[in-house]
Structure formats: C-alpha cells, structure tokens
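In: sharing a sequence plus its predicted fold:
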Amino acid sequence: MIDSPLALAATVAAVAALGFWLERRFPWAEKLGASLLVIALGALLSNLGLVPARSEVYDAVFGPVTSLAIVWLLLAVDLKDLRAAGPGMLGAFGLAVAGTVAGVTGALLLFGAVVGEETWKLAGTLVATYTGGSLNFAAVGRSLGLPESLFAAAAAADNVVTALWMGATLLLPGWLGRFFPAGPEEAVGRERRPAPPILAPVPFHLLDVAILLALALGLQLAAEATARALPWPVPSVVWLTTYTLAVAQLPPVRRLQGSLHLGTLALNLFFVVIGIGSRVSEILAVGLEVFYFTAAVVLIHGLVTFGLARLARLDVETTAVASQAAVGGPSTAMALAIARRRPGLALPGLMVGLLGYAVGNYLGLAVAYAARALMGG
C-alpha cells in the first residue's frame, strides 16, 4: 500500500496527469473527459487496496486545494459572458437546477426517515453538488458538518451516480430526440462559437500565476476573517464565493491569464481524491439508503429536467448538456458536448457549469436549512 504522504501526493498528481494524457491521446477517453477518468482511476486504486482510506494528503486536497480551485474557477467567470450561453442554455440550466431541488424534495419524502437525523445536511450537500458539480459537495458538506462516515458514503454514492448519469446523457438525446424540437444547426455552431477556453493554449506568465496564487490565498483569508467577525452563522464559503465573483469582474483581474487552467488542475486533483473515497465498503458500512437517496435525487432531476424542457420546447442536446453541467460540473458538460459532436454547445455548457459553481453553495445551504426547519430541527 502507498501510505507515505509524499508518495501518496505524487500518486494523486500522477493520476491527474494520466487523466489529462488519456483525454488528449484517445478518442474514447476524450468522450469521457479527464474528470470522470481520474475519478474512475482513483476508485480503482482505492478499492484494490493500493492507497489508504484516510490521509493528511486527502485533507490538504479537500481543504486548501479545493478552496484554490473554487477561487480560480470563479475568477474565470465574467458575468457579461453569460450571454454567450444563450437563452436556451440558460433556460435549460434553470430547469436542471429546479429538477435538482425537486429531486432532493422527492428523496426526502422517500428516504428521509431511513437516512436519519442528519438527512437535512445530506439534502443540502446534494443540492449543491447537483447544481454545480462535486466541488460544491466538499464545500457545503464541510460547512454543514456532514458526519465523516456519511460524508464518505455520500461521496462514494455521488461518484457512482454521476458516472451513470454521464452515460445516460450520452444516450438520452438519441432516444428522446424525436420528441423534442430540432436544435440550432451545428454548422452555425461551428462557425460562430469560439473553441472552449480550456481546450485552447494559454500563454502562461509567471507574474500572472503569482498574482492568481496571491489573490486566491488573500480571498480565502478575507472570507474566513469575515465569517469570524460577523455574528451571523454564515459559512466562509459563501463569503469566498461572493468576494471572488465581485473581484472577477474587475478589468485588471480579467486580464490575468490561466485561472481556468489552474482551477481545472486543482479540480482534477480533487476528483482523484473523490475517486479514492469511492469505496464500495463505505456505502455498505453506512447502508444502501444513502445510495438510494442519491440515486433518487438524480433520477427525479432527470425526469423533471427533460419533462419541463419538452414542455418549454427546448432541444434535447441543449437540455442534456445543461443537465450534465448541473450534475457533473463544467468539465463533464464540455466533455458531453464534444462526445455528442455538438462543439457549439461546449462553451455554453462550460459557462452555465461555472455559474453552477457560483450559485450551488448558496442554494445548497438554503435548502439544507429549509429542510432542517421542515423536519423540526
């Protein structure tokens, strides 16, 4: 077993690098995307017993590295650029978020009693992760104090269900296409849509990287100081999200190069650790109820999202990418658009996925406390 902290950190970094290499090297891996690949590789290492279940390396990734990823990804969000997503993608993403809230509500009714008194924390955490991806899972789960055993089981269930939903969104457009109106012509998309920025080369300047690192650490300090100074019980991640979005709109910050790429690197380190946490034994130890709860959330999310999109006359490809942006985050949304040969949807999927990172923390915490009030907590 690889239990030395230095060797384990090297292994996590190597798995992230392998995911990026596979994505660039093989068409099948490009369809899956680096994020799903490193989750699968991490899970393989963990379930084979090659890496430990707990380590200070994982704590570092879940803590400082996750916070860095949040800041760097949100620094790439120019609120003006949301217009590039178009009303169709924004509308579909809004339906996907509504589907997530409906899914958690349904799961609470079906399995709330059997999961236990911490269900409200699980509900808020899953709303956060199925609004903006797994990065919000860690942020909101830690903020709510989700018990370690439940956190591990929910993370494992989330990874399994997210991978299954990626497969579903690859297949559903082909199955449901005849029931939905036609989308925009793909030729137009190729001509008018720029390449997704994460796929484009970026000239990295050491000054920009140094400023982005200092900015990310400074924003974390400011968020933690605000949370400590104010009497209201607002988690620091809310302040971190708010401050970062505000700073991201400043022209000097917008001129910095590389925040999206740095954020994606940090995100994939996080995904490796999420994969390592995907132990079947963790789900079984807490009980299959957590898996059933998580699966019910995503199943109801899908039914509501695609059902409402059909009524709103949105095309099925846009709906699938928007749903994947909510459930898996911007990287999996982009991977889905490319895999479905809809490159015109890659940038809009990326943009609404980043929007999900921004709003997921707020929505997850709001739903958690609403669920606690309804449960009489």
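Out: That came through, no problem. Numbers count the residues shown, from 1 in each chain.
In: quick one: the host helix or strand of residue 268 to chain centroid distance?
Out: Following DSSP states H and E, one finds residue 268 within helix 259-276. Chain-centre distance of helix 259-276: 10 Å, with CA atoms, centre = their mean, to the nearest Å.
In: what's the answer for stretch 15-31, then?
Out: Distance of stretch 15-31 from its chain centroid, counting by CA atoms, centre = their mean, is 19 Å.
In: buried ones in it?
Out: Across stretch 15-31, burial judged by 16 or more other CB atoms under 10 Å covers 15, 16, 18, 19, 20, 22, 23, 29, 30, 31. Using the backbone N, CA and C atoms, a C-beta is placed for each residue, glycine as well.
In: can you check stretch 54-69 too?
Out: 55, 57, 58, 60, 61, 62, 65, 66, 67, 68, 69.
In: among the residues you listed, which ones are in helices?
Out: 57, 58, 60, 66, 67, 68, 69 (DSSP state H).
In: closest to residue 37 among the residues you listed?
Out: Closest approach between those and residue 37, by CB to CB: residue 69, at 17.5 Å.
In: surely that closest one and residue 134 touch.
Out: No. Judged on CB atoms under 8 Å, residue 69 makes no contact with residue 134 at a distance of 10.5 Å.
In: quick check: which element contains residue 130?
Out: Using DSSP H and E, residue 130 falls in helix 119-132.
In: which other helices and strands contact that helix?
Out: helix 86-115, helix 134-144, helix 148-176, helix 289-311, helix 316-328, helix 346-374 (3 or more CB pairs under 8 Å, 6 or more residues apart in numbering; DSSP states H and E).
In: now the angle from that helix to helix 346-374?
Out: 170 degrees (axes from the mean of the first three to the mean of the last three CA atoms, to 10 degrees).
In: rewinding a little: which one of the ones in helices among the buried residues of stretch 54-69 is nearest to residue 123?
Out: Closest approach to residue 123 among these (CB to CB): residue 66, at 20.9 Å.
In: in contact with that closest one, which residues?
Out: 135, 138, 139, 266, 270 (CB atoms under 8 Å, 6 or more residues apart in numbering).
In: return the distance of the fourth one relative to residue 334.
Out: This points to residue 266. Going from residue 266 to residue 334 by CB to CB, to the nearest Å gives 17 Å.
In: closest one to residue 215 among the helices and strands packed on helix 119-132?
Out: Comparing these by CB to CB, helix 346-374 comes nearest, at 16.8 Å.
In: mind checking pLDDT for the residue sitting nearest the centre point of the chain?
Out: Closest to where the C-alpha atoms of the chain average out (CA atoms, centre = their mean) is residue 133, at 1.5 Å. pLDDT for residue 133: 76.
In: what's the nearest residue to it if we skip its chain neighbours?
Out: Excluding the flanking residues, the one nearest residue 133 by CB to CB, 6 or more residues apart in numbering is residue 329, at 2.3 Å.
In: count the residues that sit near the one you found.
Out: Around residue 329 there are 31 other residues, counting by other CB atoms under 10 Å.
In: and residue 80, by the same measure?
Out: Residue 80 has 9 neighbouring residues, counting by other CB under 10 Å.
In: ditto for residue 254
Out: Using other CB under 10 Å, residue 254 has 14 other residues around it.
In: report the contact partners of it.
Out: 78, 248.
In: tell me who's in contact with the residue nearest to the centre of the chain.
Out: 325, 327, 328, 329, 330, 331, 332, 353, 356, 357, 360 are the contacts of residue 133 under CB under 8 Å, 6+ apart.
In: just the buried residues of these.
Out: Among the contacts of residue 133, those buried by neighbour count (16+ other CB under 10 Å) are 325, 327, 328, 329, 330, 331, 332, 353, 356, 357, 360.
In: OK, contacts around the closest residue to the fifth one other than its chain neighbours?
Out: The one in question is residue 330. Nearest residue to residue 330 in three dimensions, chain neighbours excluded: residue 353, at 2.6 Å (CB to CB, 6+ apart). Contact partners of residue 353, counting by CB under 8 Å, 6+ apart, are 132, 133, 325, 326, 329, 330, 331, 332, 333, 334.
In: so the first one versus residue 360, what's the distance?
Out: Per CB to CB, residue 132 is found 3 Å from residue 360.
In: for the buried ones among the contacts of residue 133, which one is nearest residue 122?
Out: Using CB to CB, the buried ones among the contacts of residue 133 come closest to residue 122 at residue 360, 15.1 Å.
In: got the contact list for that closest one?
Out: With CB under 8 Å, 6+ apart, residue 360 has these contacts: 127, 128, 129, 131, 132, 133, 136, 140.
In: need phi/psi at residue 278.
Out: Taking degrees, to the nearest 10, you get phi -90, psi 70 for the backbone angles of residue 278.
In: roughly how far apart are it and residue 45?
Out: 10 Å.
In: cool, and residue 130?
Out: Taking CB to CB, one finds residue 130 at 26 Å from residue 45.
In: look at residue 50 and say how many residues are nearby.
Out: The burial count for residue 50: 12, using other CB under 10 Å.
In: so is it in a helix, a strand, or just coil?
Out: coil (DSSP: H, G, I helix; E, B strand; the rest coil).
In: surely it meets residue 3?
Out: No. The pair residue 50 / residue 3 is not scored as a contact, 10.1 Å apart, by CB under 8 Å.
In: so residue 212 is in which element?
Out: Using DSSP H and E, residue 212 sits within helix 206-229.
In: now stretch 333-347: average pLDDT?
Out: 74.
In: now do the end-to-end distance for that stretch.
Out: End-to-end distance for stretch 333-347, by CA to CA, to the nearest Å: 9 Å.
In: just the ones in helices among the buried residues of stretch 54-69: which has the poorest pLDDT?
Out: In terms of pLDDT, the lowest of these is residue 66, showing 80.
In: understood, closing this out.
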